[in-house]
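Undergrad: build me a structure from this.
(one chain, ligands or ions: 1)
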Amino acid sequence: MRRKTTFVLFLVFALILAWVVIITDKQVRDHLGSTLYVIGFAITGCMILVLAGYAWNQELVKTLKSMHDTTDSVRLDDMPLSTEESDSDEIIGLARKIERMARSLQQVEASYKGIVEDQPDLICRYRNDGKMTFVNGAYARAVNRKRTELVGVDFPYFTPGAAIADEPYTFETEMPFEDGRRLWIRWTQRAIKDDERNTMEYQAVGHDITERKEAEAADRAKSEFLAIVSHELRTPINAIIGFSKMLFSTTLTLDQREQVEMINSSGLALEKIIADILNLSKIDSGKIDIEHAPFSLRTCVQDMCAFFAPKARSLALALDSKVDPGVPEIVNSDESRIRQILTNLIGNALKFTERGGVSLEVSCARGEPLEPGSPRRVARLFFAVKDSGIGIPPEKLDHLFLPFSQVDTSSTRRRGGTGLGLIISKRLCELMGGTISVESRVGEGSTFRFSILTDFDEA
Ligand code: ADP
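TA: Below you'll find the predicted structure:
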């Protein structure tokens, strides 16, 4: 039992005993005479006072205990409790805990301050009249002013009312820095609200996006440049191709015919390079849309073979195709992009094969319905273009899908090509949710495989 309770009980017991002695002992009563009532009232009063004091004290102890519990729940790990303290007076214990909490809060504040200060992002807070109440080191350094000098100064990009909603408001501005640089900053402004959802002040965090902005500008400039160059180049190239064709219908010596053929094939090669460069730049700048329309994959494969059949015949190469029975009759995808990839892969296979032949195989893995109960199911189509050609050395395989990558530039010069076909095919596959890969052995041939994600309606 606690000391205080023992003491109170002892006091009350002593007072009751005094009462009992006074009431039961006649001698004492007679001795006290008329003061008996005064003493009686005094004893009763004392008892009431002691009990009320005790009850009040208990109430106080209860409040202190609950404060103890609250302080215990805050960072208890940082404040080990000693058994000695739990027995000591609550007020002293609480005071010690509050002191430790204050120290711990100082540490937390210092570490958060460190985080805010070390941020490369610009951070500032301001009232709803735009006057700043806090800036971090990065902001102060950007404008080359002391932090204290900036308190009360207008936040230059403040947009009144922009962040009243709960959602943060984002905007981009070009900001002049003191060192002469002009950087693009993306600001995220949000309102800091109190418990009653009233806006106390605003906070803006500014992130440097200059690199992205410059890349976007460079991209725009590149696209414009390519558009202009391709237009300027196409006109004379068309003239070269057109006039060289016209020359074929005139009387030419054997030498002249060879030379005109050279002019014509060079013109066609140039036309292909320009088309490829434009194509890749369009894909890279995200300006290409992938269609999602139904078409027959079998017809597409037949058409591709029919297109390349004359070339294969002229090279005395076999050209086969096989579509697995599991491939749906109609699939939803971008037929023209699939044709573009196949044209490049079959064209390459024929170009780099001297004996044997080329084959195209298509298979399919059927997946889950797009939605529960829906007849439309996802599917992955697998294409494989195999040839028995010259093959590719293992050390060159990794670089194959990079722009302008050609295994043997002398042989390519002989066979023609831009070195852009595979990178374009790779990008198109990725846009259609697939991948492309190659296996090859020098002297035995190569197999290019690619897959695309599609869907189809179950009959
Ligand atoms: P290119 O227009 O030069 O064919 P690609 O990007 O389509 O450009 O191909 C890049 C290079 O990869 C080719 O120049 C060639 O060296 C090699 N290559 C592509 N396909 C084959 C193949 N089937 N057999 C051997 N080498 C190939």
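
Undergrad: in this structure, which spans are strands?
TA: In the chain, the segments counted as strands under DSSP state E are 122-126, 132-135, 169-176, 182-193, 199-208, 293-296, 318-323, 330-333, 357-369, 376-387, 436-441, 445-457.

Undergrad: mind giving me the packing neighbours of the fifth one?
TA: For strand 199-208, the packing partners by 3 or more C-beta pairs under 8 Å, 6 or more residues apart in numbering; DSSP states H and E come out as strand 122-126, strand 182-193. Every residue, glycine included, has its C-beta placed from N, CA and C.

Undergrad: most tightly surrounded among these?
TA: Burial of those is given as mean neighbour count (mean count of other C-beta atoms under 10 Å); strand 122-126 ranks first at a mean of 21.

Undergrad: could you check stretch 305-312 against the ligand for contacts?
TA: No. Judged by C-beta under 6 Å from any ligand atom, stretch 305-312 makes no contact with the ligand; its nearest approach is 13.2 Å.

Undergrad: excluding chain neighbours, what is closest to whatever residue of the stretch 201-350 of the chain ends up closest to the ligand?
TA: In the stretch 201-350 of the chain, the residue that lies nearest the ligand is residue 348 (3.4 Å; C-beta to the nearest ligand atom). Spatially, and ignoring its direct neighbours in sequence, residue 348 is nearest to residue 421 (6.5 Å; C-beta to C-beta, 6 or more residues apart in numbering).

Undergrad: how near is the one you found to the ligand?
TA: Residue 421 sits at a distance of 3 Å from the ligand (criterion: C-beta to the nearest ligand atom, to the nearest Å).

Undergrad: might you report the residue contacts of that residue?
TA: 276, 344, 347, 348 (C-beta atoms under 8 Å, 6 or more residues apart in numbering).

Undergrad: quick one: residues contacting the third one.
TA: Listed by C-beta under 8 Å, 6+ apart, the contact partners of residue 347 are 308, 421.

Undergrad: confidence score at it?
TA: pLDDT recorded at residue 347 is 96.

Undergrad: so how far is residue 282 from it?
TA: From residue 347 across to residue 282, the span is 20 Å (C-beta to C-beta, to the nearest Å).

Undergrad: run through the helices of the protein in chain order.
TA: Using DSSP state H, the helices of the chain run over 3-24, 26-32, 35-73, 83-87, 90-118, 137-143, 147-150, 210-248, 254-284, 297-314, 335-351, 394-397, 409-415, 421-431.

Undergrad: show me what the first one is in contact with.
TA: Think helix 3-24. With C-beta under 8 Å, 6+ apart, helix 3-24 has contacts from 28-29, 32, 36, 39-40, 43, 46-47, 50-51, 53-54, 57.

Undergrad: need the buried ones from those selected in PyMOL.
TA: The buried residues among these can be selected in PyMOL (16 or more other C-beta atoms under 10 Å) with this line:
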select buried, resi 43+47+50+54
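
Undergrad: how near is the residue of the stretch 201-350 of the chain closest to the ligand to residue 438?
TA: Taking C-beta to C-beta, one finds residue 348 at 10 Å from residue 438.

Undergrad: the two - which one has more neighbours?
TA: Taking neighbours as other C-beta atoms under 10 Å, residue 348 and residue 438 compare with residue 348 leading, 21 against 16.

Undergrad: check contacts around the more buried one.
TA: Counted by C-beta under 8 Å, 6+ apart, residue 348 has contacts 417, 421, 422, 448.

Undergrad: report pLDDT for residue 63.
TA: Residue 63 is assigned 71 on the pLDDT scale.

Undergrad: what count of nearby residues applies to it?
TA: If we define neighbours as other C-beta under 10 Å, then residue 63 has 12 of them.

Undergrad: got it, and residue 106?
TA: Residues lying near residue 106 (other C-beta under 10 Å) number 10.

Undergrad: my guess is residue 264 contacts residue 244. True?
TA: Yes. With contact defined as C-beta atoms under 8 Å, residue 264 counts as touching residue 244 (3.9 Å).

Undergrad: and this structure, what are its domain boundaries?
TA: 2-73, 119-208, 213-284, 293-457 (automatic domain parsing).

Undergrad: relative to the ligand, how far out is residue 457?
TA: 34 Å.

Undergrad: for that residue, give me its contacts.
TA: So residue 457 contacts 330, 375, 376 (C-beta under 8 Å, 6+ apart).

Undergrad: show me where pLDDT drops low in the stretch 151-300 of the chain?
TA: Scanning the stretch 151-300 of the chain for pLDDT under 70 picks out 160-166.

Undergrad: look up how far residue 157 lies from residue 119.
TA: In this view, residue 119 and residue 157 are 18 Å apart by C-beta to C-beta.

Undergrad: kindly report the same for residue 358.
TA: Distance from residue 358 to residue 157, by C-beta to C-beta: 62 Å.

Undergrad: comparing the two, which residue is more hemmed in?
TA: A count of neighbours by other C-beta under 10 Å puts residue 358 above the other of residue 358 and residue 157, at 28 against 17.

Undergrad: wait, that one touches residue 311, no?
TA: No. Between residue 358 and residue 311 there is no contact, the gap being 10.0 Å when judged by C-beta under 8 Å.

Undergrad: please identify every residue contacting each of the two.
TA: Taking C-beta under 8 Å, 6+ apart as the criterion, residue 358 and residue 311 both touch residue 350.

Undergrad: so what's the closest residue to residue 140 other than its chain neighbours up against?
TA: In this structure, residue 140 finds its nearest non-sequential neighbour in residue 147, 4.6 Å apart by C-beta to C-beta, 6+ apart. Listed by C-beta under 8 Å, 6+ apart, the contact partners of residue 147 are 135, 136, 137, 140.

Undergrad: report the beta-bridge partners for the first one.
TA: So that's residue 135. Beta bridges link residue 135 to residue 124, judged by DSSP bridges.

Undergrad: burial of it, as a residue count?
TA: Residue 135: 26 neighbours (other C-beta under 10 Å).

Undergrad: one more: residue 237?
TA: Other residues close to residue 237 by other C-beta under 10 Å number 19.

Undergrad: what distance do you get for it to residue 223?
TA: Residue 237 is 20 Å from residue 223, by C-beta to C-beta.

Undergrad: ok, now residue 250?
TA: Using C-beta to C-beta, residue 250 is found at 41 Å from residue 223.
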